[in-house]
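J.: Next one to model:
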Amino acid sequence: MTSQEIRQSFLDFFASKDHKIVPSAPMVIKDDPTLMFTNAGMNQFKNIILGNDPIKYPRFADSQKCLRVSGKHNDLEEVGHDTYHHTMFEMLGNWSFGDYFKKEAIEWAWEYLTEVLKLDKDRLYVTVFEGYAPEGLNRDDEAAAIWEQFLPKNRIIDGNKKDNFWEMGDTGPCGPCSEIHIDIRPDSEREMVDGLTLVNQSHPQVIEIWNNVFMQYNRKADGSLEELPAKVIDTGMGFERLCMAVQGVTSNYDTDIFTPIIAQIGRVCGATYGKNEKTDIAMRVIADHIRTIAFSITDGQLPSNAKAGYVIRRILRRAVRYGYTFLFQRSAFMYKLINGLGEVMGKAYPELIAQKLLIEKVIKEEEESFLRTLETGIKLLEKHLPSIPSKGGDDSLALSNSVLSGKVAFTLYDTFGFPLDLTELILRENNMTVDNEEFNVEMQKQKERARNAATVVTGDWVTVRDGDSVFVGYDFTKADTEILRYRKVKQKNQEFFQIVLSNTPFYAEMGGQVGDSGTLKSEYGVIEIIDTKNENNLAVHIANKLPEDLTETFTATIDIEKRKSTECNHSATHLLHEALREVLGTHVEQKGSFVSPEALRFDFSHFQKLTKEEIRAVEAIANRKIRENYPLVEKRETPIAEAQAMGATALFGEKYGETVRVIRFGSSVELCGGTHVNATGNIGMVRIVAETSIAAGIRRLEAITAEGVEKLLDEQQDFIADARDFFNNTPDLLSAIQKSIEENSELKKRVEDFMHDKIMNLRDILIEEAKIINGIKVIRVEAELPVDAVKTLAFQVRNILKDNLFFVAGCVFDGKPSITILLSDDLVAKGFNAVAIAREAAKEIQGGGGGQPFFATAGGKNTDGIKRAVEKALEAVK
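T.: Here you go, the predicted model:
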């Protein structure tokens, strides 16, 4: 079976068991503060599991794109070095919410593997939870008894809490699990070593392929467990591993998921897979990473220096570095692999084909940028190599004659993104090593700093009353409400409270729109709500304190002015989106947005900078629609197909339910959950204030609306009036400024000519008055001259006095002392060093300097020491 047939067979099998088949959610998570990436199949069902979303269907099945590169689930360093770990992978899974439990899950898993896929029953082993006495958890005898229908007892293995008790996190749903392992070793090896002894022993051919999680507990913040009211089945099967088992190969990279990609890497890089271990590892790393990078871009996550974007950039750079080091690629090459990836996965994930051009452009630009970084890092490192003393010394770069300081290696890594293993490779070529222990100390310090900054201590939810939270903010700005539950949160030594209300007009931050703030009022007082966040599809209200009486009825009121300003900016993004497509073309697609009361940002796909005329055209279209005062037409709970028929575009990387909310202003139709103006006229006016590039093929507009535009126009008008005052209120301000610039340029040229003549005259005088000390022509300058003028003077002297020249200048200009040393080549050849002389002299002015053996400068802060500094420099001659 091909990989595509295997994937489809899984979905078809569970469809026959009355499961609702759903598409993969985006791999990049946008509205969950606890996760950057989907790292397990259950992530898109998290809100159902937590009870925040209703159960529309009791059974689901899907194939989910996942990414594991950070935190608890981090497989990055194993990728490429073994045959079965990946960053991005597909997880086949089936779920039950309060419907079937262990019996059906186990029986169907066995049926699918042995009857549909025809896997050899004698090669299968299973594990069950052995129990954990400290928490009063018994062995999962129920699961074991079900397995005994299919397997002998000796192939049902007891597993410990680490391997066989699944937890969502430190708190939340959890429960025992039962793993299915397969032994794909040759029969000859199986006869020699029993597969039973290799289960969960990291053997590359005795691997877990399916995990059946039986969620039956909830872990509280104090560590205790309570029974879940509705039991959940959550299963996950690694698609790549399954294909390896079905296709009869011993490496995931030998399946038809990867072989076309590896073949293309070979063609692009001129490499052959299977002949050299280091080359093979590099090709596997690149084959894995190109999938992660491409899918992240299609899901709207571009490489950047922050959060999820930084993770993607790290993965891309890791692949480039392997290509650079082991495949000898000195120019961008990974973007050329997207064709092959599309052939393998484009049918299952059409976004790879639809966004091919964008993916290629982003990757190519990132590659080229990092290759420049690599070259810079190599030059910096090589610059340090000669300065490492061969027989000890006090150079801070070295611990000995052959060990580079770990601090220097860490600076290269942290500041320039230069990988440690590449530093080690270059050092090895120079018979050197790096102090890894010191590097690790610096790395740990950085991790501690990051951890301390990000540590959040969250308490358990305290339930005040049962009930569901309902958002009424589309229709009301205030509502009578009650507190359902609350919890205490600590971060960065600050304490605040998260509150869930029964009815809330507060919009929770989501989809780029900031959350509402406002008040919670009762007859006993007022609590300020400082922000509203969306957590697992639940509106969480942030307050610095709790009401005295949590059981009373409150009036929740939003900050109306803040909401109105935010709505103006949000509705303007819809108008700008449509205007961009009208001016630039239908290839324009939203790639992100941020909407606050002050301004808006709108990111979109386009491959070149907008001209001034294009920006004005976009503004004109949007402002015309504002003046035409189109009313808001809102359709809630619209079937997705109906919404698309109305003209709304579903964006790649966004997760939509079966029904959506449609927002229409005239011909502008968008799928949107945010709040909006009642009519476009309320926006007043929109003005684009910036247009920039944020990544290859992605542009960003920044704009303001309403009162923000009024304020900008006032500021600009005041600025123009003030500028006219400088030019005697001339009616033609631009001409006056141009005339002033031309006059200034002419005067500047005259000053430069005067300075040049002065330097030439001074040069002649200095040469005439040069002193001979120990056979060396010494020219000494003490004057009020800028450093650049002194440098010009020094080289003018050197053009005439080519031998035995020692030039020293001590100058103070604008209150800053400086020393300049210039030597003729013959003095340098005799051992004189301008840098050493300048550094020693600079001590007298409390400064330091540098340069080259024949020319050096030094600056300082003690003007009183300038004469002593010159004398100190002359000691080299005397």
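J.: Every contact and neighbour count from this point should use C-alpha atoms.
T.: OK.
J.: Give me the nearest residue to the residue nearest to the spatial centre of the chain, chain neighbours excluded.
T.: Taking Cα atoms, centre = their mean as the criterion, G309 is the residue nearest the geometric centre of the chain, at 1.8 Å. Using Cα to Cα, 6 or more residues apart in numbering and skipping residues adjacent in sequence, the residue nearest G309 is P303, 4.4 Å away.
J.: next one: E495
T.: V489 (5.8 Å).
J.: That neighbour against F497, yeah?
T.: Yes: with contact defined as Cα atoms under 8 Å, V489 counts as touching F497 (5.8 Å).
J.: Name the residue in the two with the higher neighbour count.
T.: Per other Cα atoms under 10 Å, whichever of V489 and F497 has more neighbours is F497, with 19 against 16.
J.: give me phi/psi at the more buried one?
T.: phi -130, psi 140 (degrees, to the nearest 10).
J.: any idea how far T532 is from it?
T.: 11 Å (Cα to Cα, to the nearest Å).
J.: what's the answer for P23, then?
T.: From P23 to T532 the distance is 30 Å (Cα to Cα).
J.: on that earlier part again, show me the residues around the residue nearest to G309 that make contact.
T.: 309-313, 366, 695 (Cα atoms under 8 Å, 6 or more residues apart in numbering).
J.: right, and the secondary structure at it would be what?
T.: coil (DSSP: H, G, I helix; E, B strand; the rest coil).
J.: Please state the backbone phi and psi of it?
T.: Per degrees, to the nearest 10, the backbone of P303 is at phi -60, psi 140.
J.: how much space between it and N339?
T.: P303 sits 20 Å away from N339, going by Cα to Cα.
J.: Low-confidence regions, the chain specifically.
T.: 31, 33-34, 70-75, 383-401, 429, 450-456, 652-653 (pLDDT under 70).
J.: report the longest helix in the chain, please.
T.: Of all segments of type helix in the chain, defined using DSSP state H, the longest is helix 733-768.
J.: tell me how far that helix is from the chain's mean position?
T.: Counting by Cα atoms, centre = their mean, to the nearest Å, helix 733-768 is centred 50 Å from the centre of its parent chain.
J.: Could you list the buried residues of whichever helix or strand comes after that helix?
T.: On the C-terminal side of helix 733-768, the closest following helix or strand by DSSP states H and E is strand 771-773. Neighbour counts over strand 771-773 (16 or more other Cα atoms under 10 Å) mark no residue as buried.
J.: where does D288 land in three-state SS?
T.: helix.
J.: Am I right that it is in contact with H85?
T.: No: taking contacts as Cα under 8 Å, D288 lies outside contact range of H85: 9.2 Å.
J.: isn't Y507 right up against G473?
T.: Yes: with contact defined as Cα under 8 Å, Y507 reaches G473; the gap is 6.3 Å.
J.: so how far is P853 from N804?
T.: Distance from N804 to P853, by Cα to Cα: 15 Å.
J.: Neighbour count for these two, which is higher?
T.: P853 (21 against 18).
J.: Contact partners for the more buried one?
T.: So P853 contacts 828, 832-835 (Cα under 8 Å, 6+ apart).
J.: A319: what's its closest spatial neighbour, skipping adjacent residues?
T.: I286 (5.1 Å).
J.: residues contacting the one you found?
T.: 319-320, 322-323, 334.
J.: could I get those as TSV with distance to N761, secondary structure and neighbour count?
T.: Formatted as TSV, the contacts of I286 follow (distance: Cα to Cα, whole Å; DSSP: H, G, I helix; E, B strand; the rest coil; neighbours: other Cα atoms under 10 Å):
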residue	distance to N761	secondary structure	neighbour count
A319	60	helix	22
V320	57	helix	28
Y322	60	helix	21
G323	59	helix	24
M334	60	helix	23
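J.: what's the farthest-apart pair in those?
T.: Y322 and M334 (11.2 Å; Cα to Cα).
J.: quick revisit: joint contacts of F497 and T532?
T.: With Cα under 8 Å, 6+ apart, F497 and T532 have common neighbours I542.
J.: Distance check, R636 against T680.
T.: Counting by Cα to Cα, the gap from R636 to T680 is 19 Å.
J.: who's more crowded, those two?
T.: T680 (26 against 12).
J.: Tell me, how many residues neighbour the closest residue to G708 other than its chain neighbours?
T.: Closest residue to G708 in three dimensions, ignoring its sequence neighbours and counting by Cα to Cα, 6+ apart: E598, at 7.0 Å. For E598, the neighbour count with other Cα under 10 Å is 16.
J.: same question, R267
T.: With other Cα under 10 Å as criterion, R267 counts 12.
J.: re the thing from before, bridge partners for the residue nearest to E495, pull those for me.
T.: Note on V489: beta-bridge partners T458, F496, judged by DSSP bridges.
J.: Now for it: which residues touch it?
T.: 456-459, 495-498.
J.: Counting neighbours, which of those comes out on top?
T.: Ranking those using other Cα under 10 Å puts Q498 first, with 24 neighbours.
J.: My guess is that one contacts A539. True?
T.: No: Q498 is not in contact with A539 according to Cα under 8 Å; the separation is 9.5 Å.
J.: coming back round to it: the residue nearest to A319 and A572: what is the separation?
T.: 42 Å.
J.: same thing with I704?
T.: I704 is 9 Å from A572, by Cα to Cα.
J.: Kindly report the same for V870.
T.: 66 Å.
J.: Looking at those two, which is more packed in?
T.: A572 (30 against 25).
J.: That's all I had, so thanks and see you.
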